[in-house]
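> quick one, fold the following:
(2 chains)
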Amino acid sequence: MSYTVAGAEGEWEIVCGLEVHAQVTSQAKLFSGASTEFGAEPNSQVSFVDAGFPGMLPVINAECVAQAVRTGLGLDAQINLVSKFDRKNYFYADLPQGYQISQLYHPIVGAGHVEIEVEGETRRIGVTRLHLEQDAGKSLHDQDPSRSFIDLNRSGVALMEIVSEPDIRSPEEAGAYLRKLRSILRYLGTCDGNMEEGSMRADVNVSVRKHGEPFRTRCEVKNVNSIRYVMHAVEVEARRQVDVWESGGEVRQETRLYDNVRGETRSMRSKENAHDYRYFPDPDLLPLVLEEAWVAELKTHLPELPDAKRARFVSQYGLSPYDAAVLVAEQATAVFFESVAHGRDAKAAANWVMGDLFGALNRTGRTIEDSPVSAAALGEMLDLMADNTINGRIAKDVFEAMVETGDMPGAIVEARGLRQVTDTGAIDAAIEAVIAANGDKVEQYRGGKEKLFGFFVGQVMKAMAGKGNPALVNEALKTRLAA
Amino acid sequence: MTSSLTELSIAAASEALRARKFSARELTQAHVDAIAALDSQLNAFITQTPELALAGADQADAALSRGDAGKLAGIPLGIKDLFCTTGVRTTAASRILGHFVPPYESTVTANLLRDGAVFLGKTNLDEFAMGSSNESSAFGPVTNPWSPPGKALVPGGSSGGSAAAVSAGLAMGATGTDTGGSIRQPASLCGIAGMKPTYGRCSRYGVVAFASSLDHPGPFGRSVADCATLLGSMAGFDPKDSTSADRAVPDFAAACARGVKGLRIGVPREYRQDGMAQEIDALWEQGLAWLRDAGATVVDVSLPHTKYGLAAYYIVAPAEASSNLARYDGVRFGLRGQTNGDLDDLYELTRAEGFGEEVQRRILIGTYVLSAGYYDAYYTRAQKVRALILRDFTEAFGQVDALLTPTTPNAAFAQGEKVDDPVTMYLNDVFTVPADLAGIPAMSVPAGLDGAGLPLGLQVMGRPFDEETVFAVGAAIEKSAGFTARPRLRAGV
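Sure thing, here's the model as predicted:
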């Protein structure tokens, strides 16, 4: 079932490609030693290179190169052992050198791909290329009525521009691609994927066409900074283009802005007014030459990536593909799960992580990294269930207490006297009391209304404050009622 | 005493300083006095730093007393005002840098300071090193010390202030940069030696960029050996310049004494130009005869793409300059045009006020040749020509060890003579540009005087990173030429 936009003249197909700008995780900038930490005082992380001072020269940061190569390897992409830097020339107040150093003609990473799953269907989205480039600074136009302020902290920070093929066919696929890409980058530790802080942003290229047609003219929606907005931008831009074509107009190639308040895209500049960037090879930098052995060495140290981990979770732990996908989406979750599942019932571990733990994290607004319940604690709780110290119902209460106090489950069980009762004398006494108090129901049950069995179990457990061993209670009740 | 101190070679001065025949302070004071006496006529300095120089001299004296003096201890130098110097205004001879005082030191000047050199000040140049006559400086033209009475000649460019200062005895040596001939051409016109080393030999860190792939820092001296000594200090691998060569620095000064016996010297036939002054041709022949007499073999070679060199240069250099000079926008440092308009108005006003005519012309040319639709026709083709020129040299150096040519097609000309005709001005670099495009070492050595008594230089070019052979050949010519003529305007006269 493929996604289409309904128009007056029939169904239109969306063609979309994404250019993702991902900030490289590194201590220092791409061509200077200045720090890249987010949130510092304006203009406190600026070297003379970043500020474009006379006579200053760029020197490539080897760690940024390694991060780009790791990312390329993670995207199963071709690593180009020789790549080159070019200058993209334009004037803007937050671009100190008057040019951005980028890689137009010879990027460091060539073709690769990302696999996404939408509605149970797996699709492969091509990655055209990945190149390294510098970020610009930031212009602040809203701080003063008559002046603009410039913050150069971001100036020179390393970005990876990851360009996809126009393989995306729906807003959902765009969202799935971004989520998957972000997951891979986070696994690799090459980008924190934090869209709110601007460390990942996307330019969205959209066109529409009727089934079987070649590509029509595309528009580029610039700088969209959340997955939800990207999905929405694809949707509204496609809708807009369908309306233009169907009203007899023609979509012009142009750059557009996404307005998340109004939920629309607006023209920014047309192709005729596009910058002439006057790209040419940066004469301050030699070609970037990588050694095959160095790339191979990076490859051996790559972590297990989401797709591989998911397959392993299915085969090793017997999880459903869906559950495995949920657990591997974030590396920290996968690590947490494996730690809980180690030597235990993996399905139970998965259920607790995805059910009660996710619920608790949601409720408390915390992440898996600062979870109030540690993997060790949850594991201990599963052990308490396995050795019949507590039953499933009590476990729910114990877990809530763990979320609240951060205490270990064993301590909670002891302190609150939640150990499950396996003493058949106590169970029998509770059963006798329940039967005595519910003579009418006993008769109905014995008269064939077997559904009432659950009622008796509930009553007995209630009488025992939930601590009765469910299997023993069931067995004793069955025997007693049959008598 | 004072006049003889400004006539010394660096080697002689160093020896005398170590023997305590005079102090570094006396030596520097002699040059400070010479500048005070003569620079109003020459305008070789944009910024004079006598206090800093004398303080540096005192430090050198202290180091000499302690016995831990560097090899250039107490040697007073001029620094082309394209090298950033910590705490000392650096202008690139442009209004746009305003009162820019760098908080950092270029690697080349830092190396010289490390070895104990004393800086007398910042020397004049063509604005952003764009020019062959030092007439595009925002701080006024430099007068060639060889000018006859009543007539001001150009010192060449762009490093005209450095060349004039060394020639006139205002400095014992100086730094320059050579992008299309900006060391060798003024050296030739001022009757001194100037060396453009291999690209990557001297770091460009802290040198205000003109054309990054062509900018070569290098030294001026009154002798080949002085150039060799200075280059030995200036050169060396610098991790702050990605194009710097990670190679050991040889003993250049020792190479000057090697002689040329057994060397094969090439004569590129394409350097024989129609309309070239007969006396230049004659000097060239004379130079070849000297080398033959000293034991070298002279061989005719061909550099077939020479004639395209100047055209390729005037595409590549402006292209890079148009991008390198984009940072002068009035936003962060230097001149800022006063406007109530928008950002574009700020750019336009700042750059219109800040850049002179020649710089604006080259920015326009560079912007044009890089623009969409013209890039391949100009820039890409020029790069192909550049590759062919390098191949010409590589093939020639398969047959010969060095090449000998005139440095310039003419001697010093009058101020104002070519300033209205940029193309004629550009033609002054016809013999020097190919070595910049190829990045090979080349130097100009004073070899004789023309009929008007003006100095003429010969150019020696060598294999990449073989400055030693270039120095050896240069020193042999210097020795045979016995060039002792001194300019009319000079210290102590």
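> tell me the contacts of residue 393?
Using chain A here. For residue A:393, the contact set (Cβ atoms under 8 Å, 6 or more residues apart in numbering or on different chains) comprises A:461, A:466, A:470. For the C-beta atoms, the positions are set from N, CA and C on the backbone; glycine is no exception.
> think we crossed wires, I meant chain B
B:303, B:434, B:438, B:440, B:461 are the contacts of residue B:393 under Cβ under 8 Å, 6+ apart.
> quick check: which ranges of chain A have low pLDDT?
By pLDDT under 70, the low-scoring segments of chain A are A:1, A:270-273.
> please name the nearest non-neighbouring residue to the residue in it positioned nearest to chain B.
Across chain A, the shortest distance to chain B (Cβ to the nearest Cβ) belongs to residue A:98, at 2.3 Å. Leaving aside its chain neighbours, residue A:98 sits nearest to residue B:326 (2.3 Å; criterion: Cβ to Cβ, 6 or more residues apart in numbering or on different chains).
> now the residue in the stretch 351-493 of chain B positioned nearest to chain A: how far from residue B:242?
Going by Cβ to the nearest Cβ, chain A is nearest to residue B:370 of the stretch 351-493 of chain B, at 3.9 Å. Using Cβ to Cβ, to the nearest Å, residue B:370 is found at 21 Å from residue B:242.
> neighbour count winner among these two?
residue B:370 (24 against 20; other Cβ atoms under 10 Å in any protein chain shown).
> which residues touch that one?
A:89, A:278, A:279, A:280, B:319, B:322, B:323, B:378, B:379.
> tabulate those residues (TSV), appending distance to residue B:453.
Shown next, in TSV, are the contacts of residue B:370 (distance: Cβ to Cβ, whole Å):
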residue	distance to residue B:453
A:89	48
A:278	48
A:279	51
A:280	46
B:319	40
B:322	41
B:323	43
B:378	42
B:379	43
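> quick check, nearest of those to residue A:59?
Nearest to residue A:59 among the contacts of residue B:370 is residue B:323, at 18.2 Å by Cβ to Cβ.
> can you pull the contacts of residue B:474?
B:193, B:195, B:224, B:227, B:256, B:443, B:445, B:460 are the contacts of residue B:474 under Cβ under 8 Å, 6+ apart.
> can you rerun that using 6 Å?
Contacts for residue B:474 (Cβ atoms under 6 Å, 6 or more residues apart in numbering or on different chains) come out as B:224, B:443, B:445, B:460.
> what's the neighbour count on the last one?
Other residues near residue B:460 number 31, with proximity taken as other Cβ under 10 Å.
> right, and it touches residue B:473 too?
Yes. Residue B:460 is within contact range of residue B:473, at 4.6 Å (criterion: Cβ atoms under 6 Å).
> so what sits against both of those two?
residue B:402.
> would you confirm that the residue of chain A closest to chain B contacts residue B:328?
No. Taking contacts as Cβ under 6 Å, residue A:98 lies outside contact range of residue B:328: 8.3 Å.
> and those two? Which one has more around it.
residue B:328 (29 against 21).
> quick one: that one and residue B:98 touch, right?
No. With contact taken as Cβ under 6 Å, residue B:328 and residue B:98 are classed as non-touching, separated by 9.8 Å.
> identify the residue spatially nearest to residue 445, adjacent ones excluded.
This is for chain A. residue A:452 (4.5 Å).
> meant chain B, my bad for not saying
Using Cβ to Cβ, 6+ apart, the closest residue to residue B:445 is residue B:474 (4.5 Å).
> is that neighbour in a helix, a strand, or coil?
Secondary structure assignment for residue B:474 (DSSP: H, G, I helix; E, B strand; the rest coil): helix.
> ok, residue A:237 next?
Assigned by three-state DSSP, the conformation of residue A:237 is helix.
> for it, what are its contacts?
Contacts for residue A:237 (Cβ under 6 Å, 6+ apart) come out as A:206, A:221, A:265.
> verify the assumption that residue A:15 is located in a strand.
Yes. Counting by three-state DSSP, residue A:15 falls inside a strand.
> thought residue A:207 was touching it, still the case?
Yes. Counting by Cβ under 6 Å, residue A:207 is a contact partner of residue A:15 at 4.8 Å.
> name the residues contacting each of these two.
Counting by Cβ under 6 Å, 6+ apart, the residues touching both residue A:15 and residue A:207 are residue A:215.
> what is the neighbour count of the closest residue to residue B:132 other than its chain neighbours?
Excluding its sequence neighbours, the residue lying closest to residue B:132 (Cβ to Cβ, 6+ apart) is residue B:428, at 4.3 Å. Residue B:428: 26 surrounding residues under other Cβ under 10 Å.
> Three-state assignment for residue B:175, please.
Per three-state DSSP, residue B:175 ends up strand.
> I'd say it and residue B:79 touch.
Yes. Shown here, residue B:175 and residue B:79 form a contact pair, counting by Cβ under 6 Å, at 5.3 Å.
> can you give the contact residues for stretch A:461-478?
Everything outside stretch A:461-478 that qualifies as a contact, by Cβ under 6 Å, 6+ apart, is A:391, A:393, A:394, A:420, A:421, A:422, A:427, A:430, A:431, A:456, A:460.
> before we move on, back to that, out of the contacts of residue B:474, who's the most crowded?
Busiest of the contacts of residue B:474 [other Cβ under 10 Å] is residue B:443, holding 33 neighbours.
> find the nearest non-adjacent residue to that residue, please.
The shortest distance from residue B:443 to any non-neighbouring residue, by Cβ to Cβ, 6+ apart, is to residue B:195 (4.1 Å).
> and the residue in the stretch 201-350 of chain B that chain A sits nearest to, how far from residue A:95?
Taking Cβ to the nearest Cβ, chain A has its nearest neighbour within the stretch 201-350 of chain B at residue B:326, 2.3 Å off. The span separating residue B:326 from residue A:95 equals 9 Å under the rule Cβ to Cβ.
> count of neighbours near the closest residue to residue B:328 other than its chain neighbours?
Counting by Cβ to Cβ, 6+ apart, the nearest residue to residue B:328 once its immediate chain neighbours are dropped is residue B:96, at 4.6 Å. When counting by other Cβ under 10 Å, one arrives at 26 neighbours for residue B:96.
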